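Undergrad: Just to be clear, the model below is a prediction. Sequence and coordinates:
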Amino acid sequence: MANFGGHAIPGSFFLLFGFWLTVKHVLQHYWRTSQPKGRQIMPPFFKKMDYVEGGFQIFASFVGIMVEQFVVDGPHARLYDRENTSWVKLMNWQHSTMYLFFGISGAALLASLTIKRVPLGVDRLALSIALFVEGFLFLYHVHGREPLDAHVHTLLLFAVFAGSASNMLEVFIRNNILLELFRAQMFFLQGSWFYQIGVVLYPLNGDAWDLKLHDNMMFVTMCFCWHLALSMLLVTCSASIVCFTTTRCSVKGRDIEIGMRNTSSKTSSQKALLEESDEE
């Protein structure tokens, strides 16, 4: 949608997805590093998390497509108007296409979980293709538009294509926590930058930006670097909270287990002493 809400919806999706990936991969990394070398089979809990992730991708993509198509000024599933010999709301159609490929990515993740013959890494490959399609669409999304409008969308491509390349590497390099957190960071960056695009092009306070002023382009470029720093901070804080919580819970669990063992050993020794006294 050509308004602030049209950029806030994908921005919220990417921010939530980045947070989810950070939590999931930090938990998986903690489990891998705390297990013996011979034990590498993930517990069912992580498989359930992947089911939730795939279902969320499909649901969010469906909602995004419905919103883009059936808003009041949307195309309502019409691509070409024969009466006026013109295309109908191609911007909405491009956004719908972007959501479609993220839905395909979710379906690929579910298929890799339920069908044993699906090759390992199909989920990462599908997500990489979805991000590539997103960047490919935005590359020609702003052709002929005002300089600042084209610039803010061009900056988005750095995060999109970097995320696509990271996912492609994960097809061949599995369980690398640095690649996994970098992927989450690029989703954080995309999400926050979508909001920034909405603020620049459709300001909520009504004060329009000068889309031809070079100083605005310089400020937006600097602002993108701030968003990059913010995405690094979000990943770091989220990962630190998850690590601290997981470590503390595991320590408490071990203390309880040790206490139970000590109690049971004391009880067994008391029983043995009673039996010996009875015999005497």
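TA: Received the coordinates, thanks.
Undergrad: from here on, contacts and neighbour counts on C-alpha atoms
TA: Fine.
Undergrad: all helices in the stretch 1-150 of the chain, in order from the N-terminus.
TA: 4-34, 44-70, 90-114, 122-139, 147-172 (DSSP state H, counting those that start in this stretch).
Undergrad: Now tabulate these in a markdown table and tack on distance to Arg248 and mean pLDDT.
TA: Formatted as a markdown table, these follow (distance: least, C-alpha to C-alpha, whole Å; pLDDT from 0 to 100):
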| stretch | distance to Arg248 | mean pLDDT |
| --- | --- | --- |
| helix 4-34 | 12 | 89 |
| helix 44-70 | 19 | 91 |
| helix 90-114 | 31 | 93 |
| helix 122-139 | 32 | 94 |
| helix 147-172 | 30 | 94 |
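Undergrad: among those helices, which is nearest Phe224?
TA: Closest approach to Phe224 among the helices of the stretch 1-150 of the chain is made by helix 147-172 (7.4 Å; C-alpha to C-alpha).
Undergrad: buried stuff in that closest one?
TA: Buried residues in helix 147-172, counted by 16 or more other C-alpha atoms under 10 Å: 147-157, 159-171.
Undergrad: picking up where we left off before, and the helices of the stretch 1-150 of the chain as CSV, adding distance to Leu204?
TA: Output for those, formatted as CSV (distance: least, C-alpha to C-alpha, whole Å):
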stretch, distance to Leu204
helix 4-34, 8
helix 44-70, 20
helix 90-114, 21
helix 122-139, 23
helix 147-172, 16
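Undergrad: between those helices, which gets nearest to Ser231?
TA: helix 4-34 (9.3 Å).
Undergrad: ok and the closest one relative to helix 90-114, angle-wise?
TA: Counting by axes from the mean of the first three to the mean of the last three C-alpha atoms, to 10 degrees, helix 4-34 lies at 20 degrees to helix 90-114.
Undergrad: same for helix 4-34, what does it pack against?
TA: helix 44-70, helix 177-201, helix 214-279 (3 or more C-alpha pairs under 8 Å, 6 or more residues apart in numbering; DSSP states H and E).
Undergrad: relative to helix 44-70, how tilted is it?
TA: For helix 4-34 against helix 44-70, the angle by the same axes, to 10 degrees is 170 degrees.
Undergrad: List the buried residues for helix 4-34?
TA: 4, 6-15, 17-19, 21-28, 32.
Undergrad: do stretch 191-204 as well
TA: Gly191, Ser192, Trp193, Phe194, Tyr195, Gln196, Ile197, Gly198, Val199, Val200, Leu201, Tyr202.
Undergrad: Likewise for stretch 215-224?
TA: Applying 16+ other C-alpha under 10 Å to stretch 215-224 flags Asn216, Met217, Val220, Phe224 as buried.
Undergrad: How much space separates the second one from Phe224?
TA: The one in question is Met217. 11 Å (C-alpha to C-alpha, to the nearest Å).
Undergrad: Need the residues touching each of these two.
TA: With contacts defined as C-alpha atoms under 8 Å, 6 or more residues apart in numbering, no residue is shared by Met217 and Phe224.
Undergrad: any idea of the pLDDT on Tyr266?
TA: You called it Tyr, but residue 266 is Lys. Note on Lys266: pLDDT of 50.
Undergrad: same thing with Pro75?
TA: 91.
Undergrad: got the contact list for the residue nearest to Asp210 when sequence neighbours are not counted?
TA: Of all residues not flanking Asp210 in the chain, Asn216 sits nearest, at 7.3 Å (C-alpha to C-alpha, 6 or more residues apart in numbering). Asn216 makes contacts with Leu148, Trp209, Asp210, as judged by C-alpha under 8 Å, 6+ apart.
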